[in-house]
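Colleague: just the structure for this:
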Amino acid sequence: MHTLEKTCLVLNKILLAIAGILLCGMIFLTCANILFREMGMPIRGTYELMGYMCAVVIALSLGYTQSHKSHIAVDIVVQRFSKTIQKILGAVNNIVCMIFFSIAGWQIIRIGTNLMNTGETSETLRIVYYPFTYGTALGCFIIAFTIAVDFLMSITAKKETV
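Modeller: As a prediction, the model looks like this:
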């Protein structure tokens, strides 16, 4: 089980690094566009690129955020339940989320494949969509994998002794 958890962490760190590089690129592109716009020469396609890169940055960051439990959790009602019920609800939540992100990734892959087969390109820059679509699908699959690892860790965790 330790190997699975370590693999998940390494994958998430790699994807987070890629997302960070893309985010730095977005910052650079935004600053350059502001500068060049002031000189009367805006960078064409900035809006397109920002949208595509933002989708990929968010998707690739999801798994790392999940592995560090940094997502927002509203558990006002759940806190009032016993520890056993909380664990059961957590397990059910993990299963539902894992299924959701797996289906989302699969559907995004289908869309990406369709975009690749039709040769669809963006309006301004005429760049292909599908690499960004596949990057987003990868993020969905990685968060599904991370949630699956969390689920397995929760059901195999040793009982706490008081």
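
Colleague: gap between the residue sitting nearest the centre point of the chain and residue 108?
Modeller: Centroid-nearest residue in the chain: residue 59, 2.5 Å away (criterion: Cα atoms, centre = their mean). Distance of residue 59 to residue 108, computed by Cβ to Cβ, to the nearest Å: 9 Å. The C-beta positions use only the backbone N, C-alpha and C, and glycine is treated the same way.

Colleague: number of residues surrounding residue 112?
Modeller: Burial measure for residue 112: 20 neighbouring residues, criterion other Cβ atoms under 10 Å.

Colleague: do the same with residue 84
Modeller: As a burial measure, residue 84 scores 8 neighbours (other Cβ under 10 Å).

Colleague: buried set for the host helix or strand of it?
Modeller: Following DSSP states H and E, the helix or strand that holds residue 84 is helix 83-118. Buried residues in helix 83-118, counting neighbours by 16 or more other Cβ atoms under 10 Å, are found at 90, 94, 97-98, 101-102, 104-105, 108-109, 112, 115.

Colleague: ok, back up a step: joint contacts of residue 59 and residue 108?
Modeller: Common contact partners of residue 59 and residue 108 (Cβ atoms under 8 Å, 6 or more residues apart in numbering): 136-137, 140.

Colleague: hmm, the residue nearest to the centre of the chain is touching residue 136, no?
Modeller: Yes - in this structure residue 59 lies within contact range of residue 136 using Cβ atoms under 8 Å: 4.3 Å.

Colleague: mind checking how far the helix holding residue 84 is from the chain centre?
Modeller: Once both centres are worked out by Cα atoms, centre = their mean, to the nearest Å, helix 83-118 turns out to sit 11 Å from its chain's centre.

Colleague: tell me which helix or strand comes right after that helix.
Modeller: Remark: after helix 83-118, the chain's next helix or strand is helix 130-156, criterion DSSP H and E.

Colleague: any chance of CSV for the shared contacts of residue 59 and residue 108, columns distance to residue 14?
Modeller: Formatted as CSV, the entries for these read as follows, by distance: Cβ to Cβ, whole Å:
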residue, distance to residue 14
136, 16
137, 16
140, 16
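
Colleague: what's the nearest residue to residue 89 if we skip its chain neighbours?
Modeller: Once flanking residues are discounted, residue 89 sits nearest to residue 78: 5.9 Å by Cβ to Cβ, 6 or more residues apart in numbering.

Colleague: next: residue 109.
Modeller: Excluding the flanking residues, the one nearest residue 109 by Cβ to Cβ, 6+ apart is residue 137, at 4.7 Å.
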